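Trainee: from the sequence below, what's the structure:
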Amino acid sequence: MKLIVAALAIASLANGAAAATPLAAPAPAPCLTPAQVSDVVLFALPSALDAVAAKCRPSLPANAYLLNGGHALSERLAAESQRHWQGAMMAMKSLGDKKMPEGISADTARSLVRDVMTAELLKKVSPADCGRINEGAELLAPLPPENLGRLFALALDAMADGKKGSPRICR
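Mentor: Purely as a prediction, here's the structure:
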């Protein structure tokens, strides 16, 4: 479950909706389509898995999935990660007005976004979470990438259900 929470943190990083003026009616909370959530997750998850495995290494037994099969999962997901970049970027833009600095290359932009997402995720992971994240990764590993993305979108929809500050799933 903590792996799902961690991936949902990735999906909500860009949640920077503009504040309404005091006299204006509040704007509806931004939302993401299930496809956008899937794109964010499938773009960021490979590097997030590797980073979490490195952070959790001291807290996990030597036979833990993240320390053994986890890298194979991240490599399998990485093979398709770039295909989800455009969708992930569109999702982040729909949640806020964050823009990339002018003049940077597409490769630099992808690396920057991936690194920021991973760093933000790692802030939320404590050693006490590592066992659950390891178990979650092992349970999710057999799923094809598209099912992983759809599962995270479903989990975000269920967990955010009306909670203030959580990205909504557009219907």
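
Trainee: so what pLDDT did residue 25 get?
Mentor: Listed pLDDT for residue 25 reads 56.

Trainee: no, scratch that, I was asking about residue 148
Mentor: pLDDT at residue 148 comes out at 93.

Trainee: now it: how far from residue 155?
Mentor: 11 Å (Cβ to Cβ, to the nearest Å). Every residue, glycine included, has its C-beta placed from N, CA and C.

Trainee: over to residue 136?
Mentor: In terms of Cβ to Cβ, residue 136 sits 11 Å off from residue 155.

Trainee: what ranges in the protein fall below the confidence cut-off?
Mentor: 1-29, 96-100, 162-167 (pLDDT under 70).

Trainee: repeat that with 80
Mentor: 1-30, 92, 94-102, 160-168, 171 (pLDDT under 80).

Trainee: quick one: the strands in it?
Mentor: All strands of the chain, identified by DSSP state E, fall at 31-32, 168-169.

Trainee: with distance to residue 47 and mean neighbour count as extra columns, can I get those strands in a markdown table?
Mentor: Formatted as a markdown table, the strands of the chain follow (distance: least, Cβ to Cβ, whole Å; neighbours: other Cβ atoms under 10 Å):
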| stretch | distance to residue 47 | mean neighbour count |
| --- | --- | --- |
| strand 31-32 | 20 | 21 |
| strand 168-169 | 24 | 17 |
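
Trainee: in JSON lines: those strands, plus distance to residue 39.
Mentor: Shown next, in JSON lines, are these (distance: least, Cβ to Cβ, whole Å):
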{"stretch": "strand 31-32", "distance to residue 39": "9"}
{"stretch": "strand 168-169", "distance to residue 39": "13"}
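
Trainee: select, out of the ones you listed, the one closest to residue 102.
Mentor: strand 31-32 (25.8 Å; Cβ to Cβ).

Trainee: paired strands for that closest one, with orientation please.
Mentor: Partners of strand 31-32 in the sheet, by DSSP bridges, are strand 168-169 (parallel).
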